[in-house]
Structure formats: structure tokens, C-alpha cells
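*Asks:* Task: produce atomic coordinates for the following.
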Amino acid sequence: MSRAEVRGEPVEEPAVAVPGAVPGPDAARTPSPLWSLGLLRSELLTTFRRWRTLALLAVLAAVPVLVGIAVKIETSDGSSAGGGGGEGPAFISQVSNNGLFLVFTALAATLPFFLPMAIGVVAGDAIAGESSAGTLRYLLVAPAGRSRLLLTKYATVIAFCLAATLVVAVSALAVGALLFPVGDLITISGTRITYTEGLGRALLIALVVAASLVGVAALGLFVSTLTGSGIAAMATTVGLLITVQILDQIPQLDALQPYFFSHYWLSFADVMREPVYWDDLVKNLGLQALYAAVFGSAAWARFTTKDITA
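*Replies:* Residues are numbered from 1 along each chain as shown. Prediction:
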């Protein structure tokens, strides 16, 4: 039984070309918007029901727990955790004073590696995994079209970006409230804001972090169209992520670093300024949009022209 049949989607047998035959009225039919939404829903359910996806989300949820426990143990004698400075990972120095800072700390801790690695695994498997499993051809038999299927795959990866980021944020929020005091908090600029406003900024930071991963998602999807092996696509995507972040730390490459997709990732700390400092945030979002456009177009060009044999 094919994957499309398992999903309950309509499956059509490939048409056999007959010399001199006239195409029927259904030959060029366009799938309805409702069918497209059904395809997206099916992809979302398939992705989020995989054990691999659930394992990735569980690991991401565990990171704030480990960080919170470590800070609690370190500060049990009344000392301060982490260093000063107040930005990026240095948010950890404020966790013991206000549990809401664990949200910012957890996102800063997972963004350089854990979050993009999870996105790279899901994106790299999007097309190549279907090909290696032998289900890609069956998906294309249904009246989806390659462009529509690719867009659905990318939308599913973006949904995973948002879900993964929210899992980290919600886990950190719960652990922070359990282990540390909560209340009004002090911004990087030294001004005091209410806990409710802090929650709003935490949500905004989570959305910014999720948006920071759309470039990685497009890169992984492009790599996924280049090979028929899901494992190879995932490994290549994760390898590229690690390589780019290493290059971003080499001083001799400072002229190129502003164009690396990871360069402005930690700019989300500027949301905790009063007023919010938007320059690096806008640069980050613009850079992610550029990567999404370039590698999304490359993925479309590759996928719409490649031969599907599995």
C-alpha cells in the first residue's frame, strides 16, 4: 500500500500514453484549494507523528530543564550564575533573580546548534526521505504538481521551526516559574517592565528566533532535492550549519560574516532593550528572507526538472 493510500488521499494510476489518443477533460485539472489544505494537513500530521520528530522536540524541551537545574545548583549558596554583560548567553546571570530570563537563556543556548540541527534534520529529510522510502512518486501521482508539493514541504518545515522554538520557550517558562522567583524584570537598558510585558517580549523573541531559522529551512530543502538519500541530505545540511558557524568565528573573514545566515542570530537580545533596538533585528530578518528566496528558488528549479525514479 502506498503512502498516499495510507493517508486517505486520492491516488490515480499513472496514465499510459497511447499514440493518437486525445487527452481527456481531467488531464489538465488543477487541484482545489481544499485539496491543497488537505495535503498540508497530511504533511503536518506525518511529520509531527514521526518518532524522530518527537525525539528532537523532547531533546529541545530537555535543554531548559538542564540549564535551570544547573543554575539552581550553582546559585544554591547565594552566588550569581554566569557572567555579566546581559546579552545572549549572559542572560543566565539574571535567571536566579527572575525565572523569565530562563526563556531568553534557553533560546540563546539552543539557537547556535540544537535548534538549527533539528531544523536541518527535518528539512533535509523532506524530499530525500520520500525518495529513499519510495513514496515520492506516489505523492506526485496525485494532482498536486511538483511546485505545490515543494511549497507544502517548505511550509511544513517552517511550522516545525515555530513548534520547536515554542517548545523551548514553553519548557523554559515552566521550569523558570518552578525553580526561581518571577515578577517585574529589568531590561538590558536598566529599565523596569512588568511581568506581563516581559511575557509579551518573550513571545516576540520566540517568533524572531523561529524566523531566524527560515534560511536554514530553505537551505536544507535545497540539499534534500539534490540526493535520493535522506540520511545523506540530513548529514550534509547539519555539516553545512556547523561549517558556517565555524567560519563566522574566524576574524579574518569579518568582511564575509555579515552575509552568513547565523551572523545575526543572537540579535534577539535587542528585544530586551528599552526602547527596542531594531537595526540588527531587521538585518537578520532581511538576511533570512534572502536565503529563503535564493535557496527556495534553487530547490524549485532542481525539483521541477529532476527525474523521479522512486
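*Asks:* drop to CA atoms for contacts and neighbour counts, all remaining ones
*Replies:* OK.
*Asks:* In three-state terms, label Glu274 for me.
*Replies:* Of the three states, Glu274 takes coil under DSSP: H, G, I helix; E, B strand; the rest coil.
*Asks:* Just give me the neighbour total for it.
*Replies:* 15 (other CA atoms under 10 Å).
*Asks:* how about it, what does it touch?
*Replies:* When contacts are counted by CA atoms under 8 Å, 6 or more residues apart in numbering, Glu274 touches 187-189, 191.
*Asks:* Give me the buried entries from the residues you listed.
*Replies:* Listed as buried from the contacts of Glu274 are 187-188; burial here means 16 or more other CA atoms under 10 Å.
*Asks:* Columns pLDDT, secondary structure and distance to Asp280 on top of the contacts of Glu274, output as a markdown table?
*Replies:* Listed next are the contacts of Glu274 as a markdown table, based on pLDDT from 0 to 100; DSSP: H, G, I helix; E, B strand; the rest coil; distance: CA to CA, whole Å:
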| residue | pLDDT | secondary structure | distance to Asp280 |
| --- | --- | --- | --- |
| Thr187 | 84 | coil | 18 |
| Ile188 | 84 | coil | 16 |
| Ser189 | 84 | coil | 16 |
| Thr191 | 87 | coil | 21 |
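*Asks:* Which of the contacts of Glu274 sits closest to Ala301?
*Replies:* Ala301 lies nearest to Ile188 out of the contacts of Glu274, by CA to CA, at 44.7 Å.
*Asks:* Enumerate every residue touching the spatially closest residue to that closest one that is not a sequence neighbour.
*Replies:* Of all residues not flanking Ile188 in the chain, Arg273 sits nearest, at 5.2 Å (CA to CA, 6 or more residues apart in numbering). Contacts for Arg273 (CA under 8 Å, 6+ apart) come out as 187-189.
*Asks:* what about Arg273, distance to Ala62?
*Replies:* Noted for Arg273: a distance of 28 Å to Ala62, by CA to CA, to the nearest Å.
*Asks:* same deal with Gly230?
*Replies:* According to CA to CA, Gly230 and Ala62 sit 26 Å apart.
*Asks:* and the two? which has more neighbours close in?
*Replies:* Legend: neighbour count by other CA under 10 Å for Gly230 and Ala62, higher for Gly230 (25 against 16).
*Asks:* Mind pulling the model confidence for that one?
*Replies:* Looking at Gly230, its pLDDT is 82.
*Asks:* contacting residues for it?
*Replies:* Going by CA under 8 Å, 6+ apart, Gly230 touches 124-132, 224.
*Asks:* at 7 Å what do you get?
*Replies:* With contacts defined as CA atoms under 7 Å, 6 or more residues apart in numbering, Gly230 is in contact with 124-125, 128-129, 132.
*Asks:* Ile119 too?
*Replies:* Contacts for Ile119 (CA under 7 Å, 6+ apart) come out as 161, 217.
*Asks:* which parts of the helix or strand that contains it are buried?
*Replies:* Ile119 belongs to helix 114-133 when assigned by DSSP states H and E. Across helix 114-133, burial judged by 16+ other CA under 10 Å covers 114-132.
*Asks:* Equivalent analysis for stretch 56-64, please.
*Replies:* For stretch 56-64, a neighbour-count test (16+ other CA under 10 Å) marks 56-57, 60-64 as buried.
*Asks:* Then stretch 200-209?
*Replies:* Of the residues in stretch 200-209, those buried (16+ other CA under 10 Å) are 202-203, 205-209.
*Asks:* returning to what we had before: and which of the contacts of Glu274 is nearest to Phe295?
*Replies:* Of all these, Phe295 sits closest to Ile188, with 35.4 Å by CA to CA.
*Asks:* I'd assumed Met272 was in contact with the closest one.
*Replies:* Yes. The criterion here is CA atoms under 7 Å, and Ile188 meets it with Met272 at 5.9 Å.
*Asks:* Good, we can wrap up now.
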